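**Q** Return a 3D structure for these sequence lines:
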Amino acid sequence: MVTTAGIKSQQPKKAVGIGNNVMTRTFPLDKVRNIGIIAHIDAGKTTVTERILFYTGRTYKVGAVDEGTAVMDWMEQERERGITITAAATTCHWQEHRINIIDTPGHVDFTAEVERSLRVLDGGVVVLDAVAGVEAQSETVWRQADRYGVPRICFINKMDRVGADFHHTVNMIEERLRTKAIPVQLPWGRESQFKGVIDLVDSKAWLFSDDVSVPPVESPVPEEEREEIAKHRQSLIERLAENDDQLMLLYIEGGEIQSGQIKAAIRRLTLANRIVPVLCGTALRNKGVQLLLDAVVDYLPSPLDIPPVQVIDLKTGEVDVRQVSDEAPFSALAFKVVADPFMGRLVYFRVYSGKVKAGMQVLNSSKGRKERLGRLILMHANRREEIEETDTGSIAATLGLKDTFTGDTLCDPTRPVLLEAIRFPEPVLSMVVEPKSKADQDKLGEAMNKLSEEDPTFKVRTDQETGQTLISGMGELHLEVLIDRMLREFNVTVRVGKPQVAYKETITIPVEIEGRFIHQFGGRGQYGHVWIKLEPGERGSGFRFVDQVRGGDIPKEYVPAVEAGVREALESGVVAGYPIVDIKATLFDGSFHEVDSSDLAFKMAGSIALKGGVSKANPILLEPIMKLEVVMPAQFLGDVIGDLNSRRGHVEGIETHGETCVVRALVPLAEIFGYATILRSLSQGRATHSLEFHCYRELPAGLAGQIEVKVRGR
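**A** Numbers count the residues shown, from 1 in each chain. From the prediction side, this is the model:
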């Protein structure tokens, strides 16, 4: 019997409006889903998204990553490399629900795209490779989702590949991601014999065709597997009952538990982040995607299921909440800025409360400036649909916001509030760039400004000693893509130096230091005098400034100037000129002159104190340490480990799955340049690896001395 009951695509309701301007509120809030597709590189995120767009009627033709026709991979660099570089947003409809989707990158160099997407999303679909299981970047995106409390479902993809193992991957989810993985489906067949899925909730089997246009066939559960399926369904009910009181009562009463009651329990536990439902399929062969869409509707949250967003009321300074309602005052978070070559500067934002129309004035409360919204746009990758207004729970883009950047809050000017900003990792790799010609020099600054507006992990600075321009990012691929974009989008040709490690400096002992800036210029002079205590902080703690001045020794109006001076001095350290991090500065004493004291004087005094104090506090260099995962045939294990030991690597663990070995190690970034080429030669091209930033650690004294000599000799 052919049926599409429960998995039929619903045509979207027709939007209403005038001309090109359309209204977006055709779905109530409880029928809106904001989800992200997240995973390790090559797990199949974009392929899953392309199938979703086809089955929901958003596209008429299936895009393919390998052929460079994927809708969501619209950048030239993405189509050439076959990877996702920038998070792409789209909207589709399924089962009378509106689903806003962001397809995120899997490569660690573009982790900022995942970070800002998860900050504004309500739910996530984690795609896993059925052969590789939980890979390094899968763990990274999982931790990012944990940080924002995003409920998730898992989709085990590529079930048709040789070596695919559903149950092993489920075990890896529980072990590596430390969560309760609850399979709600089982694969029907293995590897090349994979033909469909068995739904444990409804006790149905679904047979899928490779042909994308052929609907799934509902079948009875295979006779030979009924006993096994019944056992798995009973296990599902028992595990749910252990965690859900309502289902536990039904279970104790001993009656038949209906599929609707099981779904309700799964939804409650998923929204509470107590379990993760697990589904399976193979997106490339068009199997299981419709059921995944059903699960998004059934188990992932609407904006109403998420606690009201916390804000700081700027009128009272108190922590408050904004109710999830179109009637509440407008509040939104800008999470992405794009320099569109055709439309100009686009700002993506998520609306948490209220609604806003094109042309309205809003307050950027992060900057304290009022701005007027230009046109409002619904994005479909790089295509656009103009809308008249956008409402609570929506993800949209706008033109005309010149002073709004990633992480800024937009709100009703009469009810100003501040949302929590987005935190991004620090860059770990730098390169020297210089324009090839005078014409390029004029355009280079503009190109780098626009790219740094788009990407918060892309930093630009000028080396004060050499006058060179340094660009910093999350890895070699990240910087390579940005330089390629300078050429293609901004027509700027640059020469590039070798990659340089972004070292940091810090202190190891506390010191108290005096900073004096006293100058007399004939008439009025300058007088600033401070005492500051410097203390080493924990790794990753950054910089903290504390004001402990008592009794009016330094007037309060000069304290911000002292902090500004200290912060400015942190940008260039005393060992080798690298930024100073993980330090606490406490201003505890000082003096002032009623006539000669000024902000400038105290700023200089703070800077002098910081420089002098760091010199006496036994400063050291810190180097970035990367987490490396290598997957290879077992025969190459010895060679790979020997090579890692020669690179100052520390092997943390080795896992064996049949003939495949997985090595996890910590390796200094300085020792890992060009590792892909070395690994290919060590393994006859059969090993793969992934890298992600782990932490900063002290550089050994001998190597620190070499860095100092090299810097001094420049």
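
**Q** list the buried ones in stretch 88-99?
**A** Neighbour counts over stretch 88-99 (16 or more other Cβ atoms under 10 Å) mark 88-95, 97-99 as buried. Every C-beta, even on glycine, is put in place using the N, C-alpha and C of the backbone.

**Q** With distance to residue 248, secondary structure and pLDDT as extra columns, can I get those residues in CSV?
**A** As requested, those are exported to CSV (distance: Cβ to Cβ, whole Å; DSSP: H, G, I helix; E, B strand; the rest coil; pLDDT from 0 to 100):
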residue, distance to residue 248, secondary structure, pLDDT
88, 42, strand, 72
89, 40, strand, 79
90, 40, strand, 83
91, 38, strand, 84
92, 37, strand, 86
93, 36, strand, 87
94, 32, strand, 88
95, 29, coil, 86
97, 29, strand, 90
98, 34, strand, 88
99, 32, strand, 90
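
**Q** Just flag the most distant two among those.
**A** Greatest spatial distance among the buried residues of stretch 88-99 (Cβ to Cβ): 88 and 95, at 23.1 Å.

**Q** Name the single longest strand found in this protein.
**A** strand 620-633 (DSSP state E).

**Q** quick revisit: can you redo the buried residues of stretch 88-99 as JSON lines with distance to residue 428?
**A** Shown next, in JSON lines, are the buried residues of stretch 88-99 (distance: Cβ to Cβ, whole Å):
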{"residue": "88", "distance to residue 428": "25"}
{"residue": "89", "distance to residue 428": "28"}
{"residue": "90", "distance to residue 428": "31"}
{"residue": "91", "distance to residue 428": "35"}
{"residue": "92", "distance to residue 428": "36"}
{"residue": "93", "distance to residue 428": "41"}
{"residue": "94", "distance to residue 428": "40"}
{"residue": "95", "distance to residue 428": "44"}
{"residue": "97", "distance to residue 428": "40"}
{"residue": "98", "distance to residue 428": "39"}
{"residue": "99", "distance to residue 428": "35"}
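
**Q** what about the helices in the stretch 401-550 of the chain?
**A** Along the stretch 401-550 of the chain, counting by DSSP state H, counting those that start in this stretch, helices occupy 438-454, 476-490.

**Q** can you tell me which of those helices comes nearest to residue 54?
**A** Comparing the helices of the stretch 401-550 of the chain by Cβ to Cβ, helix 476-490 comes nearest, at 27.9 Å.

**Q** Give me the mean pLDDT for the closest one.
**A** In this model, helix 476-490 carries a mean pLDDT of 82.

**Q** Check stretch 600-618 too.
**A** 92.

**Q** Could I get the CA-only coordinates of it as CSV?
**A** C-alpha atoms of stretch 600-618 as CSV (Å, rounded to 0.1, in the frame of the first residue of the first chain):
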residue,chain,number,x,y,z
LEU,A,600,44.8,61.6,29.2
ALA,A,601,47.2,61.7,32.2
PHE,A,602,45.5,58.8,34.0
LYS,A,603,45.3,56.8,30.8
MET,A,604,49.0,57.1,30.3
ALA,A,605,49.6,56.3,34.0
GLY,A,606,47.6,53.1,33.6
SER,A,607,49.5,52.1,30.5
ILE,A,608,52.9,52.8,32.1
ALA,A,609,51.9,50.7,35.2
LEU,A,610,50.8,47.8,33.1
LYS,A,611,54.0,47.7,31.0
GLY,A,612,56.2,48.1,34.1
GLY,A,613,54.3,45.5,36.1
VAL,A,614,54.3,42.8,33.4
SER,A,615,58.1,43.1,33.0
LYS,A,616,58.5,42.3,36.8
ALA,A,617,55.8,39.6,36.9
ASN,A,618,57.9,36.9,35.2
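
**Q** All set now, cheers.
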